[in-house]
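*Asks:* how would this look folded up:
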Amino acid sequence: MTDEREPLFDAVRDAWANEPAPDFSAARRAVLNGAAPPTRRRGPWAVGAIAAAAAVLLVVWVTRPEPLSFVAGAAAGEAGPTYESADLAFSDGSTIDGEASVQVQELTPRGARVRLQRGTLRADITHREDTAWRFIAGPFEVQVIGTAFDLRWEPEAERFSIALREGEVEVRGPAIVRRVRAGEHFEHSLADEAAEQAESVEAAELVERAEPVEAADTSPETNEPVEPAETATRTDGIENGRADATRETRTRRARASAAREQAREAARLARAGEHRRAYDIASNVGWSQTLGLLGAADRLALGNAARVLRRRELAREAYEGAREGERGVRARAAFALGRLAIDLSSAPAEGARWFERAIQDDPRGPLAREAQGRLFEAYAAAGNARSAERAARAYLERYPSGPHAGRARSVLSP
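*Replies:* Numbering: from 1, shown residues only. Below you'll find the model as predicted:
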């Protein structure tokens with residue numbers, strides 16, 4: 001990009017270039033003879049031009065626009081670190097929040113480059129004439145001028161989605177360039193695309209493995225093909241086999257696509273709190289199959305639906321599947337398994353083990369305080385006084401004014 005100060009540097013160079021070239025030979029003779037070398041005097045116009053150019057250069061330098069800055073929560077933010085449960089406010093009025101892992105990679109006077117590592121973020125980008133923001137999610141890039149949108153990336157399922165609330169963006173990804181406008185929703189799954197390509201390859205291989213049809217003999221009198229009965233029958237069988245293979249592949253693809261759509265709908269309903277409908281759809285597809293088609297966060301949502309409906313084993317299966325996700329999802333799944341053990345299984349010792357894992361997985365996460373509070377309560381309910389005291393003491397050290405503080409003190413001072 002061309003520096004706006006370049007014309008000023010050119011002006012300074014021109015001012016020097018218009019002066020007569022110095023007589024270096026005269027200077028050399030003076031030095032050899034022990035005399036002071038002749039000095040070069042510049043015309044007043046050159047000195048004035050240089051001074052004016054330098055003054056303008058100083059003004060441009062001082063008034064050069066600064067890159068955007070931002071705060072994360074209540075602290076000053078900086079480019080580079082990853083922010084969990086993003087709550088970012090930028091100096092141009094733009095905001096980013098949501099249950100997401102976000103990294104601000106670059107800040108410029110016109111915007112920022114932000115990488116969504118996983119989760120769902122909600123962005124409101126202030127529109128200006130020169131605004132230029134970019135959001136990266138896996139292999140996808142969203143170019144933004146000024147808009148409001150919800151962006152989601154599930155690295156485990158390789159699923160990208162964006163929903164525009166205002167404005168317009170351009171999405172670029174592997175073999176994809178797509179304009180998305182206000183009110184529209186765009187979703188793309190790399191895993192689904194790979195599965196469809198694999199099925200297409202399988203269909204092609206089935207056709208290639210079919211026995212080739214031999215050319216029929218022709219009659220010299222009529223020049224018409226003469227096919228023995230068995231050859232015609234075999235040819236028909238090969239063609240029918242190819243058609244059957246193609247139909248079978250298409251049927252499998254259609255069923256797989258329908259199952260994926262139903263699984264996503266079940267997860268969406270679970271996140272919206274429509275637990276019964278989510279459960280019914282997932283059960284219709286097959287609970288285990290549905291979980292296998294979803295990412296960790298969606299499995300967690302379905303687990304919550306099953307827990308609310310008191311389907312203990314199904315909830316456990318979903319939560320344990322969610323443990324395959326990233327740190328934040330793993331911690332939430334461990335916390336949910338702890339609740340499940342206590343609420344539906346009356347197993348406080350098992351619940352305590354899961355609360356310990358939730359704290360270990362994400363010690364500064366949004367559920368860490370609640371997990372620490374439930375931890376000493378679970379140990380107390382299990383009759384493990386020593387572990388209950390240890391956990392209660394840790395709670396008071398970290399959260400002396402937390403909602404479980406009173407109960408923690410009672411555990412330490414019965």
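*Asks:* Can you pull out the low-pLDDT segments for the protein?
*Replies:* Within the chain, the stretches with pLDDT under 70 are 1-64, 145, 191-247, 414.
*Asks:* Longest strand in it, by number of residues?
*Replies:* strand 111-124 (DSSP state E).
*Asks:* List the strands paired with that one, with their directions.
*Replies:* Note on strand 111-124: by DSSP bridges, its sheet partners are strand 95-97 (antiparallel), strand 100-108 (antiparallel), strand 133-137 (parallel), strand 148-154 (antiparallel).
*Asks:* With distance to Gly292 and mean neighbour count added, can I get these in TSV?
*Replies:* Placement of C-beta: from N, CA and C, glycine included. Output for these, formatted as TSV (distance: least, C-beta to C-beta, whole Å; neighbours: other C-beta atoms under 10 Å):
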stretch	distance to Gly292	mean neighbour count
strand 95-97	31	19
strand 100-108	24	19
strand 133-137	23	22
strand 148-154	14	22
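*Asks:* Which one, of the ones you listed, ends up nearest to Tyr379?
*Replies:* strand 100-108 (31.3 Å; C-beta to C-beta).
*Asks:* Glu66: neighbour count?
*Replies:* A count of nearby residues for Glu66, using other C-beta atoms under 10 Å, gives 10.
*Asks:* From Leu367, how far out is it?
*Replies:* The gap separating Glu66 from Leu367 is 38 Å, by C-beta to C-beta, to the nearest Å.
*Asks:* before we move on, what about Leu396?
*Replies:* When Leu396 is compared with Leu367 (using C-beta to C-beta), they lie 18 Å apart.
*Asks:* And Ala380, by the same measure?
*Replies:* 20 Å.
*Asks:* Tell me the backbone dihedrals of Gly292, please.
*Replies:* Main-chain dihedrals, Gly292, degrees, to the nearest 10: phi -70, psi -20.
*Asks:* ok, residues contacting the helix or strand harbouring Ala378?
*Replies:* Element membership of Ala378 [criterion: DSSP states H and E] is helix 368-381. Under the contact criterion C-beta atoms under 8 Å, 6 or more residues apart in numbering, helix 368-381 has outside partners 331, 334-335, 338-339, 342, 348-349, 351-352, 355-356, 358-359, 362, 385, 387-392, 394-395, 398-399, 402-404, 407-408, 411.
*Asks:* Heading C-terminal from it, find the next helix or strand.
*Replies:* Taking DSSP H and E, what comes next after helix 368-381 is helix 385-398.
*Asks:* and that following helix, what does it pack onto?
*Replies:* Using 3 or more C-beta pairs under 8 Å, 6 or more residues apart in numbering; DSSP states H and E, the elements in contact with helix 385-398 are helix 368-381, helix 405-412.
*Asks:* contacting residues for the closest residue to Gly183 other than its chain neighbours?
*Replies:* Nearest non-adjacent residue to Gly183, counting by C-beta to C-beta, 6 or more residues apart in numbering: Leu164, 6.5 Å away. Counting by C-beta under 8 Å, 6+ apart, Leu164 touches Thr147, Ala148, Phe149, Val180, Arg181, Ala182, Gly183, Glu184, His185.
*Asks:* Now the fourth one: phi and psi?
*Replies:* Main-chain torsions, Val180, degrees, to the nearest 10: phi -120, psi 130.
*Asks:* Is the closest residue to it other than its chain neighbours bridged to anything, and to what?
*Replies:* Among residues not flanking Val180 along the chain, Phe186 sits closest, at 4.8 Å (C-beta to C-beta, 6+ apart). Beta-bridge partners of Phe186, counted by DSSP bridges, are Ile162.
*Asks:* With Tyr83 instead?
*Replies:* Val102.
*Asks:* For it, the count of nearby residues, please.
*Replies:* Applying other C-beta under 10 Å, I find that Tyr83 has 19 neighbouring residues.
*Asks:* can you pull the contacts of it?
*Replies:* Counting by C-beta under 8 Å, 6+ apart, Tyr83 touches Ala72, Gly77, Ser101, Val102, Gln103, Val104.
*Asks:* which residues touch stretch 308-322?
*Replies:* Stretch 308-322 is contacted from outside by 275-276, 279, 287-288, 291, 296-297, 299-300, 302-304, 306-307, 329-330, 332-333, 336-337, 340, 344-345, using C-beta under 8 Å, 6+ apart.
*Asks:* List buried residues within those.
*Replies:* 275, 279, 287, 291, 296-297, 299-300, 302-304, 306-307, 329-330, 332-333, 336-337, 340 (16 or more other C-beta atoms under 10 Å).
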